[in-house]
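1. Predicted model, plus sequence, below.
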Amino acid sequence: MFFGLPIISVAIWLPILFGVLVLATGDDKNAPLARILAMVGSLLGFLVTIPLYTGFVRDTSEMQFVEMHSWISRFNIHYHLGVDGISVLFILLTSFFTPIVVLAGWQVIEKRVAQYMASFLIMSGIMIGVFAALDAVLFYVFWEAMLIPMFLIIGVWGGANRVYAAVKFFLYTLLGSLLMLVALIYLYNQTGGSFEILDFHQVVIPMSAQILIFIAFFFAFAVKVPMFPVHTWLPDAHVEAPTGGSVILAAIMLKVGAYGFLRFSMPIAPDASHHLAGVMIALSLIAVVYIGLVALTQTDMKKLVAYSSISHMGFVTLGFFIFNSNGMEGALLQMISHGFVSGALFLCIGVLYDRMHSRNIADYGGVANKMPVFAAFFMLFAMANSGLPGTSGFVGEFMVILGAVKANFWYAFAAASTLVFGAAYTLWMYKRVIFGAVANHHVSELTDLTLREKAIFAVLALTVLGMGLYPLPFSEILHVSVNDLLVHVARSKLPL
Amino acid sequence: MNLMTDLMPAGAEIFLLVMACVILIADLLVKQNGNLVTYMLVQLTLMGCALITVGTHVNGVSHVMHNMFVDDLMSDVLKLLTYLSISMMLVYSRLYLTVRGLFSGEFMVLTLFATLGMMVMISAYHFLTLYLGLELLSLSLYAMVALQRDSAVATEAAMKYFILGALASGLLLYGMSLLYGATGSLELGAVSNAILSGNANKTLLVLGLVFVVSGLSFKLGVVPFHMWLPDVYHGAPTAMTMLIGSAPKLAAFAFVARVLVEGLQPLMQHWSGMLIILAIASMALGNITAIAQTNLKRMFAYSTIAHMGFLLLGFISGDIEGYSSSMFYAVIYVLMSLGAFGMIMLLSRAGFEADEITDFKGLNQRNPWLAFIMLLLMFSMAGVPPTVGFYAKFSVLNAVVQSGHVWLAVVAVLLSLIGAFYYLRIVKLMYFDAPESHAPIVFGPDTTLLISVNGLGVLLLGLLPGTLMSVCAVSVQQSLMLH
């Protein structure tokens, strides 16, 4: 509560309400109205989340801004919301990106504008709900509800192969979620009738059950992250999604999976987490190295950034499963940073795509001659993606590598290869697209950024630089919660 | 016991029977100015039944007419829901049937008799009453499927339905007679007591149980007794399909609950094993075969098979938790089924049945609101939150896990994942594809309102499912006698 307002509820329902209002504007005759309403809704949605940051008490790992009401009394389910140091930043990240996505689709989306804008607003509210839910069923409802707008966004406004991508995305993620549902119900019965996530953290579970629970959660979260063997939906979804969809996918939805590991898998099944840490680390390193190499060979810019995302998320899961504070804090910072950077990169590609209708690297060359301002912004984000010191990308990667050295030198060695591969695929793409002579007459007709685009990129560039130069405002929020989580995970939950 | 107190609990049934006869005659007199009068009379009758059911409600369980008939909270709740869904069915199908010349007095009287059959089934506490209700329902439905006399498909469907239905009734009767032989009674409570006393012949009991379960499975349409269902759903006029696919599922739930729980609960270890097999087979076959369908009604037929399998899962836990989850599932299923078939009728017009799945192509461009309602219904059937279909699956799964069958819950969710695919395909057609036809969608204000309420109900109940869940839990708890 803050000045008597249930802030989290407002942050969830305000965008959803605006989404419904936008839908009510109807067909494309009223498109300008729909755009303005969406902008107002998303900006208000961002403003209401700011008190979550300013009013956040840094020196406790307790849940804050808690709201709790009975919801489904028959199963003892509550409408229970709250944030700790781990979740609060993601809520801000979500609400921060919604106005950007609305702005990014301002002119490009011409058909069914109201539905497009509404999908993003509703989605924003739902994703905040995922990060803030403290009741497992509430969490699950938000978690699954996320699929519906995303399914429509990819399928309606996506590229040529959108239907395949949308269905693949939906079924892949639904498979994981359903197994998680069974695990949640099992835990409900183990706790003696409570769906509180914090109660799940305390319940004693034998090893065999812990491993099964871990696997069920693994399916749900690993698909979303996505981790190595279950990552194949992501390149398809990214490539076919409209720019806004790609941004939300990369910046927020991937984080939801990683967040799940921290909120569910590790504290609920700590012994299984330790037991299976080797597997998780191996999968993470495969993602970092192998997917990094795969990214190198891509000819499609969006696919390249999609693979780069998988590789970066490998870093995040590596940071989690080495179980030290450097690793985990680094992983969380990496998640935030990756949100900004990959979001920005997809926007950059969107800018090019809107003008040229091609994502093929080979169709470009010498863009810098025609779009110098764009080239400068793109350079910054490309550098951040390769982890250049001074950008946000560096902080997280460095901390994770530091943590990995403490755990095992060879983990760190393999992980550090990303600094080479990341730089290679990003900068090589950058070189081919931006530098050189003007490749063809399409490129020569390019126009530089509009004011709207400049505004978006300026905000993102400032954030990326700011976080790189002075990460303390981000890390100080995480610190206590992360340490508390590590202490919790170190305790065995096996029955005596 | 005096006659009045004996008859009071059956007041709604008596009223309905009287009104059905009155309407049959009244229909002859008002034939000239259409069937609107008859239609209104039927709706009023249903409303009257609802008032009587609420008015005669007493706390506790009352067995009347020599324990042949039971009036309890569960029966009252189920009956009210039956009236509601029949009334909705009539609103949905009025225009559809009028255009096809089937909106006749016979149709409405048969509907009322079918309703009466369901009510008797819901309140039966005796094998004979159960059988009576079931036959009244079935015979009315056979006739209704065949009502479209010049349609070869419909006639074939009716024949299939009749022959297989008669076979099922035979199985059921045979099973009942075996149980009678073993226990010496046809009354559910007495059967249960006789089994508990341990004097009944075990072999005979289990043999009888097998036949009874087979008969029930026929009526529910679960694998391997499902053969009639796709043909009947497909062949019957959509309004009749809607009738078959909605309210009778409530009666079927009551039927299973009365027979297996009130009568044969002591044999639970035997029937729960049978139900597990039936449920898994139904969910597997229903969901997988539905993928291959191109006809929407056929697809929904297979989806019904899968849903009924899921519903049966609630029973295997053998406790109140499980039974109430099954009841909740049945209620939700009826709500979704009404909406889905309502949508098919809304989109169809004279000489055109919108029952191919391609007929839904590009609905979002033709009418975004209807597409949105259908989207809600489809996601609800697939069990995706925040729609209420999720809670139906959730509560059944909870009962299954609670009874220690975690593996079964995993099987069930994996099979419903397969099911999600074909519901998703409808959404895909509506939203991602371009429309094939631009014919205007004609419908009255009553159906528009109803389909909106129906679709939004699926969403609102999904946001606040607590009350309905509690109603189901309380009514099962107060009504079913567990031994």
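-> The structure has been received and is ready for your questions.
2. and whichever strand in chain A runs longest, how far out from the chain's middle?
-> Identified as the longest strand of chain A according to DSSP state E is strand A:64-72. Relative to the chain's own centre, strand A:64-72 is displaced by 25 Å; criterion: Cα atoms, centre = their mean, to the nearest Å.
3. Quick check: buried residues in it?
-> Within strand A:64-72, the residues scored as buried using 16 or more other Cβ atoms under 10 Å in any protein chain shown are A:64-65, A:67, A:71-72. Glycine gets a C-beta too; all of them are placed from N, C-alpha and C.
4. average pLDDT across it?
-> For strand A:64-72, mean pLDDT rounds to 87.
5. Quick one: list the elements packing against the helix or strand following that strand.
-> Toward the C-terminus, strand A:64-72 is succeeded by strand A:77-83 as the next helix or strand (DSSP states H and E). Packed against strand A:77-83 by the contact rule (3 or more Cβ pairs under 8 Å, 6 or more residues apart in numbering or on different chains; DSSP states H and E) you find helix A:7-24, strand A:64-72, helix A:113-132, helix A:136-145.
6. quick check: mean pLDDT across strand A:77-83?
-> Here the average pLDDT along strand A:77-83 is 90.
7. residue ranges for the strands of the stretch 151-300 of chain A, please.
-> For the stretch 151-300 of chain A, no strands are identified by DSSP state E, counting those that start in this stretch.
8. Please name the residues that touch the residue of it found nearest chain B.
-> Nearest residue of the stretch 151-300 of chain A to chain B: A:Leu178, at 3.9 Å (Cβ to the nearest Cβ). By Cβ atoms under 8 Å, 6 or more residues apart in numbering or on different chains, the residues touching A:Leu178 are B:413-414, B:416-417.
9. how close does the nearest residue to A:Gly193 once chain neighbours are set aside get to chain B?
-> Once flanking residues are discounted, A:Gly193 sits nearest to A:Asn76: 5.4 Å by Cβ to Cβ, 6 or more residues apart in numbering or on different chains. Noted for A:Asn76: a distance of 11 Å to chain B, by Cβ to the nearest Cβ, to the nearest Å.
10. Number of residues surrounding A:Asn76?
-> 17 (other Cβ atoms under 10 Å in any protein chain shown).
11. Please apply the same query to B:Leu29.
-> Counted with other Cβ under 10 Å, B:Leu29 comes out at 8.
12. what do you get for A:Leu43?
-> 16.
13. Return the residues in contact with the residue nearest the centre of chain A.
-> The centroid of chain A falls nearest to A:Ile252 when counting by Cα atoms, centre = their mean (2.6 Å). Going by Cβ under 8 Å, 6+ apart, A:Ile252 touches A:90, A:93-94, A:97, A:127, A:339.
14. likewise A:Met150?
-> A:123, A:169, A:245, A:248-249, A:253.
15. Look up how far B:Tyr233 lies from B:Val145.
-> 10 Å (Cβ to Cβ, to the nearest Å).
16. shared neighbours of the two, which are they?
-> With Cβ under 8 Å, 6+ apart as the test, B:Val145 and B:Tyr233 both reach B:Ile244.
17. Of the two, which one has the most company?
-> Taking other Cβ under 10 Å, B:Val145 and B:Tyr233 do not tie; B:Tyr233 has more neighbours (30 against 27).
18. Which helix or which strand is home to that one?
-> According to DSSP H and E, B:Tyr233 maps onto helix B:228-235.
19. how many neighbours does the residue nearest to B:Gly235 when sequence neighbours are not counted have?
-> Excluding its sequence neighbours, the residue lying closest to B:Gly235 (Cβ to Cβ, 6+ apart) is B:Ala157, at 2.7 Å. A count of nearby residues for B:Ala157, using other Cβ under 10 Å, gives 26.
20. So which other helices or strands are in contact with the helix or strand containing B:Ala157?
-> Following DSSP H and E, the helix or strand that holds B:Ala157 is helix B:152-183. Here helix B:152-183 touches helix B:127-145, helix B:188-197, helix B:202-220, helix B:228-235, going by 3+ Cβ pairs under 8 Å, 6+ apart.
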